[in-house]
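Asker: any chance you can model this:
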Amino acid sequence: MTTTPLEFLDADHLMPFVRQLSVGIGPRHPTSHAEREAADYVYDTLHGLNNRWEISRQTFRSIDGFRYRIAPLAALAGLSLLVGLRKDRQTQFISGAFSVGLSILSRDAFLARPAMWEAALPRGESQNVIVRIPPRRTVDRRVVLIAHLDSGIHRLTTDSRMVRQLPRTLGAITLMALVGGVLTVLSGKKQRWRTLRALLAGSALGGAGLALIDEMGPDVAGANGNASGVAVLLGVAEALNKRPLNSTEVILAFTGSATAISTGADVLATEYGKLWQDAVWLVVANVGCGELCWVTRHGISPYAYYYPDSQAVDLLEQVAASRPDLGLMGKPMVTVDEISILRDRDLHAAALMGYDRATGLIPHWRQNSDTIHEIEPETVERAANTCWTALKLVDQREGSA
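Answerer: Okay, here's the model as predicted:
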């Protein structure tokens, strides 16, 4: 019996990938042995599928968590504002200016940009697995699909009852440091706004404590985030092996340490961003539950939102128009992801994600409940068909051979 590309995008075919990653391998903490095991699994699967493809490993070193960014910034902001409560004008000026500077750094942290002290932090080994799938004819255009291999940790702040408050808690650190710093500089010997400044200092220190507590949770199985995305890309690889595109090269990038600081995407964009500057880049993450959307606004801080590229969004809008059965739409999401890194490089990037029908949030995002039992196979299947439809639409554009 012959197979068709669409059979590789069927839920029954995709779910074993999700199961192997989230159950067979289990939690895949950034830089861990389990993350490397997931990379080996993907590499072996791709190599067994077609050993003529160009499949490579891109190794790098990464810190293993987000705690190295937010907690130190919040703590330093709180301490600088406390010091600024002194009457000495020179101390006030230095403390206030330092706090204002930290507000700028905190915004960069929420945009996944590295903090200045990270170069001195301990790092572990991580990796990307990259496969370039050639078209039948001359390459006329490219599409890059990205799915991260690692899974996160259980977080207090991403509980569905609290995640909506992120912009008012951790996300507000930028505002607290900025306002507190300005008021400290202007306070003078009369100690104007002392109560408010003390309140801002305490709130910043509270934010630092919350950020530390948030990093103490156990590793999660990561079935939705992001075994589902990896499964989609593996299904697409099998479909392309059966029926390559005409003139569009497809690059599938399985990245490491995404839940830490998006290191894998950063390394990928650093090496290949200019080479693939004209490609459409689609990040596929958390596509195992609920409805599907392309994210129209990303971020957990109201002072550090970031947005997809219009060309990538245009493509996903075309997919939605041509396949209304997929239920695809644009939606702002509370999320931290690789899009910020890719857009900083002026790449044509957008994200495909799932969202809960009732809350509008990512289902089971960084929660212990993110297991194979919560996966909705039909959502994974729709995500795979979304990616396949996007590839076909790109390949059919004017100018393709």
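
Asker: what about the closest residue to N385 other than its chain neighbours, how many residues close to it?
Answerer: Distances taken as C-beta to C-beta, 6 or more residues apart in numbering put L9 closest to N385, at 5.4 Å, once the chain neighbours are dropped. The C-beta positions use only the backbone N, C-alpha and C, and glycine is treated the same way. L9: 24 surrounding residues under other C-beta atoms under 10 Å.

Asker: for L156, same thing?
Answerer: Residues near L156, counting by other C-beta under 10 Å, number 15.

Asker: need the contact list for it.
Answerer: By C-beta atoms under 8 Å, 6 or more residues apart in numbering, the contact set of L156 is 162, 210, 213-214, 217.

Asker: between the residues you listed, which is nearest I94?
Answerer: Proximity of the contacts of L156 to I94 (C-beta to C-beta) peaks at L210, which lies at 26.9 Å.

Asker: ok, that closest one to L156 distance?
Answerer: For L210, the distance to L156 (C-beta to C-beta, to the nearest Å) stands at 8 Å.

Asker: in three-state terms, label the residue nearest to E54 when sequence neighbours are not counted for me.
Answerer: Ranked by C-beta to C-beta, 6+ apart and with sequence neighbours excluded, the top spatial neighbour of E54 is R132, at 4.5 Å. Counting by DSSP: H, G, I helix; E, B strand; the rest coil, the backbone at R132 sits in strand.

Asker: in terms of contact, does R132 touch L46 like I think?
Answerer: No - counting by C-beta atoms under 8 Å, R132 does not reach L46; the two are 10.7 Å apart.

Asker: now do the shared contacts for these two.
Answerer: Taking C-beta under 8 Å, 6+ apart as the criterion, R132 and L46 both touch W53.

Asker: which one's more surrounded, those two?
Answerer: More crowded of R132 and L46, by other C-beta under 10 Å: L46, with 23 against 18.

Asker: circling back: just among the contacts of L156, which is most surrounded?
Answerer: Counting neighbours by other C-beta under 10 Å, D214 comes out on top of the contacts of L156 with 23 neighbours.

Asker: how much space between that residue and F66?
Answerer: D214 sits 8 Å away from F66, going by C-beta to C-beta.

Asker: give me the common contacts of those two.
Answerer: The contact sets of D214 and F66 do not overlap (C-beta under 8 Å, 6+ apart).

Asker: one step back: wait, doesn't the residue nearest to N385 sit right on A239?
Answerer: Yes - the criterion here is C-beta under 8 Å, and L9 meets it with A239 at 5.9 Å.

Asker: quick check: neighbours shared by the two?
Answerer: W388.

Asker: list the helices and strands the lowest-mean-pLDDT helix or strand in the chain packs on?
Answerer: Lowest on mean pLDDT, DSSP states H and E among the helices and strands of the chain sits helix 67-83, with a mean of 87. Applying 3 or more C-beta pairs under 8 Å, 6 or more residues apart in numbering; DSSP states H and E, we find helix 67-83 packed against helix 89-110, helix 173-187, helix 194-214.
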